[in-house]
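In: Model the following, please.
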Amino acid sequence: MISPAGSRCLGTIGGCLFAALLAASAHARAAEPPSPDLSVFEPGVQTALGEGQAQFSQQLASAADDRARASAWGRLGMLYQAHHLQGAAERCYLEASELDRDDFRWQYYLGYGLQEQGRYEAAEARYDTALKIDETDLLARLRRGQVRLAQLELAGAEEDFEAVRKAQPANAAALAGLGQVALRARRFEDGIRFLEAALRADPRADRLRYPLGIAYRETGQDARARANLDAYGKTEPVVADPLLADMARMTRSSQLYLEQGYAASRAGRIDAAVESFRKAVEFNPEDVAALVSLGQGLSLLGQDAEAMEQFERALALDPDHPVAHYRRGTLYEGDGDDRAAASDYQAALKVDPGYTQARVRLADALMRLGRYPEAADAYGRVEVPGEQRALFLYREGLAYLADGRCGEAITALESARAIKKDSGEVFQALARAWSTCPEVSLEQRRESVELATALFRARPDEAHAETLAIASAGVGDWQRAVDIQTRLVEQYRARSDPLLEWQTGRLQAFLEKRPADSAWPPGHRIYRPEPVGAGPQQPVGR
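Out: Numbering: from 1, shown residues only. Now for the predicted structure:
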């Protein structure tokens, strides 16, 4: 027989069970997806996130079981993570992982998102769970090794990296991880061995040069240490990650594709960089940085016509964009249109006076155009450190020589010589200037003979023979000057050189005991620096 109290207890238990079921049902219905403020995003991202949220609602409404519901939540999390909405992505992945505890993906994405935020302990726990679902997954082992290393759990990190290395001996990221563990443990020889192996597996991973340089320094190998530290860059070892690739393909952010393009460019993968820049432009056609980056990448691939289109589009949106002007100028320069190139370089400098590359290119273009006073001024304004300054002082001196301004030419060339005391081209220009300019001291003319003699002994070619003849005439050594110049004239005549007439005139001057009146003939190639055009293959950027 059941007492009234027992009846109340049973009634309470039944009521509690029913209430619990109602509460669970209410919780399931109350789970709402994160709704970040979309107004702060670029139009392409707003559209993608809006469409993704609508698709999530449809998938959730039609889901037949928890696995389908988990997939809807997980896909929405991937969309958020692809656009760097880590908090919103985490909430979605948590919901997905509760609904389907056997799906590796949601634990892995959770771990990676936490790792990106520097929440290494929480990330390690998620990778642990992922590996319980699939203990053979090497990417989860690699990632767990990375977060363990970040927490200085060296034994666990080494175990994970070694497991990956055994399965994939050429896995650069695992080798790099083993190298970092060895360095932390002060096993520098092991660190060198693993880091060198990582660089052989992925030679573009120049971020490894820094720890490698430290390891060499710790073992007393200073030359190798300096070489590696000087080569240090920003490119990490490539990790082929299909899950992250699936997630990244969901992005509609031009900025994300820009960042991917810059990383690919730094790694020397220009084709991949251009593909990323194209996507950036596709998702935001008015992104000037994306247009300029795409143009630069195309120019590095030799696709100059399409590159020019991108720079024109960028300048239509932002007429004062300095990099767009500079890059378009390099294309004009490559086509031999120095006038248009100079105009673009000047436009870039008007907006950004500290744009050193534009100033150097402007000076060279002005030299080729024969606008020597402007070229000299441009070279004089180039601001570079140390010995690099000598080159532009030298070119400034040439511009002054071409313009007939000997005093300023000698000042610039003497300054170049003071910075770089072993430059043959500076010695040659200075020797010719001292020998041909008026109001030069006898001591300077004698020094020009010493310089010219040293140059000729080091390399007895025509240019240095000319310099020695000019210097000899400058000190009144007429016979030596005539002898050298006679041989030069014979060589010029033998090959029908266009400068034969000028060389013959100089020989006549020496026969008449008159010094040379100019360092080089007007329009000589030394006054026309070679156009660089779009330049060598280098990372996209300024």
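
In: And the pLDDT for Pro385?
Out: On pLDDT, Pro385 comes in at 89.

In: for it, helix, strand, or coil?
Out: Following DSSP: H, G, I helix; E, B strand; the rest coil, the label given to Pro385 is coil.

In: quick one, phi/psi of it?
Out: Note on Pro385: its backbone torsions stand at phi -90, psi 160 [degrees, to the nearest 10].

In: One more: Glu450?
Out: Taking degrees, to the nearest 10 as the convention, Glu450 sits at phi -60, psi -40.

In: What does the pLDDT read for it?
Out: Glu450 carries a pLDDT value of 95.

In: any idea how far it is from Ala471?
Out: Distance, Glu450 to Ala471, using Cβ to Cβ, to the nearest Å: 9 Å. For the C-beta atoms, the positions are set from N, CA and C on the backbone; glycine is no exception.

In: Could you check which of the two has the larger neighbour count?
Out: In this view Glu450 and Ala471 are compared by other Cβ atoms under 10 Å, and Ala471 has more residues nearby, 31 against 12.

In: Is it correct that the more buried one is in contact with Leu455?
Out: No - taking contacts as Cβ atoms under 8 Å, Ala471 lies outside contact range of Leu455: 9.6 Å.

In: where do the contact lists of the two overlap?
Out: Common neighbours of Ala471 and Leu455 (criterion: Cβ atoms under 8 Å, 6 or more residues apart in numbering): Ala431.

In: Return the helix or strand in the protein with minimum mean pLDDT.
Out: The weakest-scoring helix or strand in the chain, judged by mean pLDDT, DSSP states H and E, is helix 4-30 (a mean of 37).

In: contacts for the next helix-or-strand element following it?
Out: Remark: after helix 4-30, the chain's next helix or strand is helix 43-62, criterion DSSP states H and E. For helix 43-62, contacts defined as Cβ under 8 Å, 6+ apart pick out 33, 35-36, 38-39, 41, 68-69, 71-73, 75-76, 79-80, 83, 250-254, 283-284.

In: Of all the residues in the next helix or strand after helix 43-62, which ones are buried?
Out: Downstream of helix 43-62, the first helix or strand assigned by DSSP H and E is helix 66-82. Residues of helix 66-82 classed as buried: 69-82 (neighbour count, 16 or more other Cβ atoms under 10 Å).

In: Out of those residues, which one has the lowest pLDDT?
Out: Among those, Ala82 has the lowest pLDDT, at 85.

In: distance of it from Ala412?
Out: Distance of Ala82 to Ala412, given as Cβ to Cβ: 55 Å.

In: Could you list the low-confidence segments of the stretch 401-542 of the chain?
Out: 533-542 (pLDDT under 70).

In: hmm, try it at 80
Out: Along the stretch 401-542 of the chain, the model assigns pLDDT under 80 to residues 532-542.

In: And the helices in it?
Out: 406-419, 424-436, 442-458, 462-474, 478-494, 500-511 (DSSP state H, counting those that start in this stretch).

In: And for the stretch 151-300 of the chain?
Out: All helices of the stretch 151-300 of the chain, identified by DSSP H, counting those that start in this stretch, fall at 154-167, 172-184, 188-201, 209-218, 222-230, 242-248, 254-266, 270-283, 288-300.

In: Dump those into TSV; add mean pLDDT and distance to Cys92 as well.
Out: Formatted as TSV, these follow (pLDDT from 0 to 100; distance: least, Cβ to Cβ, whole Å):
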stretch	mean pLDDT	distance to Cys92
helix 154-167	97	27
helix 172-184	97	27
helix 188-201	97	35
helix 209-218	96	36
helix 222-230	95	43
helix 242-248	84	12
helix 254-266	83	18
helix 270-283	89	22
helix 288-300	93	28
